[in-house]
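In: Need coordinates for the below:
(2 chains)
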Amino acid sequence: MNNTSPPTDTHSLMLVEDTPSLQMLYRTVLRKAGYPAICATTGAEALAQFEEHRPQVVLLDLMLPDRDGLSVMSDILRLEPDTRIVVITADGAISKAVEATRRGAHDYLVKPLGDRRLVSAVATALNGARQASQVQTRLPADPLTLGVFDGNSAAIERVRAQVAALAGSMANVVIQGEGGTGRCACAEQLHSNSPRARRPMVTVSCSGASSERLWKDLFGLDQTGPQARSALARAQGGSLVLYEPQDMPQDIQTAMLKVLSEGLLPPGPDGEQEVVDFRVISVTGHDLRSAPREDGFNAELSYRLAVLSIDMPPLRKRADDIPLLAQSYMGHLARQEGKDFTQIAPDALAALTERDWPGNLRELTNVLRQAVVLHDGPELRAEMLPSALPGSAPEPVQEEPVDDPLDAFAGLTLAEIERQVIEAVIERHGGSVPQAARELDIAPSTIYRKRDAWEASER
Amino acid sequence: MAATYRLPEIMRELGDDAEIEALGGQIADDLANCARRLRADDAGPGKRREILHELRGVALTLRAARLVTLCREAEAALTRAPDAGMDDLAAHICDLTDMLATSVRAETSRNRPGRPA
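Out: Take a look at the predicted model:
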């Protein structure tokens, strides 16, 4: 029924369900799968059993005869904050399950519980609990990625707290914000701090992707049926990161909703159907939670994807962090470029702080990179910054008439301009598509896809 | 009206007849118990909503779509007008529940017709 080794501790799991037949049924399913459970039928009994056995995972029905399930959950988490609680609710009560997830539940199940979904939820929760107690070190992160979270502003402190709180949850998360605010870095942080950190993080960009492409990328399907291993299958055990999911064509939205609601992947090339075991992290510039939907995005799918949310603040709303961020980025960029910059002069810092930064952190790093590449340290001064920055002294070269940068694109179509820009950025990064993708704030798969299209059009 | 439903998958996997009978018996008991409590004169709106919710949970597990729908309608009616009677609907739900209980008990019984001794 599952491919996860059963727990050795017979008190790892507690089931709280007041309807005798359902308790018997769930207990039987779990026992057959190798997960024996201690059982309780009321909130009071559940707390007494919990205090005695301290199970790692609790399956909790939200409607109990003596107490509200949410208050029982709160009491359990107060006693043992690391407990993984999987709440059970009857259909039509999704809002209560979502509320439970916001208050710390690890996952939720909607009745009627499929045997495989029940076992999968328990297996995932138990594995997560065991890994959380074993994993001491996190995956090394890119210094620039870490830099996104540097600072002491209230805005970034709120994000740090949210990432810490949500990383351990199984619930799907949406990360929203303007381009360049560090949404991708936030997705990486969520994954690398989750119990799924040692499993794959698979990214798929839905922006501008055709239906055919997404059938293949996401589901591994083409006109002839199952082909390659799908992104969903590769993300099993880990995280599936969807960029701009609201751009999915309608048929893909419907298929994705089916996968998430039924908890089963489409059949693979071998005809087997796996139980869904990944967390979806959506990265978007839109508000997926807005209702009613005006962009045609499936409302039910938006509820499934945006159970939890993180809003990445624009740089202008965390201006207090700019000195620290600039110093951190400059040091990193100097090491990358082999320069000896060590400090930022007060006038340069003032110029950087006064700017609105519509391109957010990406624009800040671009400005600093330009200064670092074109000049020498050890001090970064205002006159080294591009002249567009307020407060910076004009550079001698800019006293000359400057050509309109758009002249270079005269006569080209938008698609041709896009290709030129992408190829130029890849070249600037020494041919590294992932680095170019990061600078452009798009998924590497988007670049690979566009390259395929360019090559196809040349044949 | 026929009480269409499907026994939970796990019951097909259980090789032990006694275990199947016990599980089927418990499901039938819970259904019958819900019907009995729903018929009781002293059940107020709040209590009835609780019973309907519990009944819906069991009906969902049995994929008894008609009963699930009726329970949901009755819960909604109670929420809209707690003081209004829902006797016809409640009576219909109780009858259907009893039929379901009888059917489940018979199907999971070790002594049901056609079952090898």
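In: nearest spatial neighbour of the residue nearest the centre of chain B, skipping sequence neighbours?
Out: Among the residues of chain B, the one closest to the centroid is residue B:31, at 3.6 Å (C-alpha atoms, centre = their mean). Residue nearest to residue B:31 in three dimensions, not counting chain neighbours: residue B:101, with 3.9 Å by C-beta to C-beta, 6 or more residues apart in numbering or on different chains. Quick note: C-beta positions are derived from backbone N, CA and C, even for glycine.
In: What of residue A:30?
Out: residue A:37 (5.3 Å).
In: try residue A:313
Out: residue A:155 (3.8 Å).
In: Also residue B:89?
Out: Per C-beta to C-beta, 6+ apart, closest to residue B:89 is residue B:74, 5.1 Å.
In: tally of neighbours for the residue of the stretch 351-459 of chain A found nearest chain B?
Out: Closest to chain B within the stretch 351-459 of chain A is residue A:445: 37.6 Å, counting by C-beta to the nearest C-beta. As a burial measure, residue A:445 scores 19 neighbours (other C-beta atoms under 10 Å in any protein chain shown).
In: Domain boundaries for chain A, per the record?
Out: Domain assignment for chain A by automatic domain parsing gives A:13-134, A:146-311, A:317-399, A:405-458.
In: Enumerate the residues of chain A near chain B.
Out: A:18-22, A:24-25, A:28-29, A:32, A:63, A:65, A:90-92, A:111-115 (C-beta under 8 Å from any C-beta of the partner chain).
In: Helices - which of those land there?
Out: The helices, defined by DSSP state H, take in A:20-22, A:24-25, A:28-29, A:32, A:115 from the residues of chain A next to chain B.
In: so residue A:19 sits right up against residue B:53, yeah?
Out: No: counting by C-beta atoms under 8 Å, residue A:19 does not reach residue B:53; the two are 9.7 Å apart.
In: Which one of these two is surrounded by more residues?
Out: The neighbour count for residue A:19 versus residue B:53, taken as other C-beta under 10 Å, is higher for residue A:19 (24 against 18).
In: What's the per-residue pLDDT of that one here?
Out: If you check residue A:19, the pLDDT there is 92.
In: need the contact list for it.
Out: A:61, B:30, B:54, B:57-58 (C-beta atoms under 8 Å, 6 or more residues apart in numbering or on different chains).
In: For those residues, give me TSV that also has secondary structure.
Out: Formatted as TSV, these follow (DSSP: H, G, I helix; E, B strand; the rest coil):
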residue	secondary structure
A:61	strand
B:30	helix
B:54	helix
B:57	helix
B:58	helix
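In: Identify, from those residues, the entry nearest to residue A:433.
Out: Set against residue A:433, the nearest of the contacts of residue A:19 by C-beta to C-beta is residue A:61 (48.6 Å).
In: that older thread, for residue B:105, which of the domains of chain A is the nearest?
Out: domain A:13-134 (11.8 Å).
In: and the next element down the chain from the lowest-mean-pLDDT helix or strand in chain A?
Out: Here the helix or strand of chain A ranked lowest by mean pLDDT, DSSP states H and E is helix A:143-147, holding a mean of 53. With elements assigned by DSSP states H and E, the helix or strand that comes after helix A:143-147 is helix A:154-166.
In: which strands and helices sit next to that next one?
Out: helix A:183-192, strand A:308-311 (3 or more C-beta pairs under 8 Å, 6 or more residues apart in numbering or on different chains; DSSP states H and E).
In: so which of these is the most packed in?
Out: helix A:183-192 (a mean of 23; mean count of other C-beta atoms under 10 Å in any protein chain shown).
In: list the helices and strands it packs on?
Out: Using 3+ C-beta pairs under 8 Å, 6+ apart: helix A:183-192 touches helix A:143-147, helix A:154-166, strand A:173-176, strand A:201-205, strand A:239-243, strand A:279-284.
In: make it 10 Å
Out: helix A:143-147, helix A:154-166, strand A:173-176, strand A:201-205, strand A:239-243, strand A:279-284, strand A:308-311, helix A:433-440 (3 or more C-beta pairs under 10 Å, 6 or more residues apart in numbering or on different chains; DSSP states H and E).
In: and chain B, which residues reach chain A?
Out: Residues of chain B lying close to chain A (C-beta under 10 Å from any C-beta of the partner chain) are B:6, B:8-11, B:13-14, B:19-20, B:22-31, B:33-34, B:50, B:53-64, B:68, B:71-72, B:75-76, B:104.
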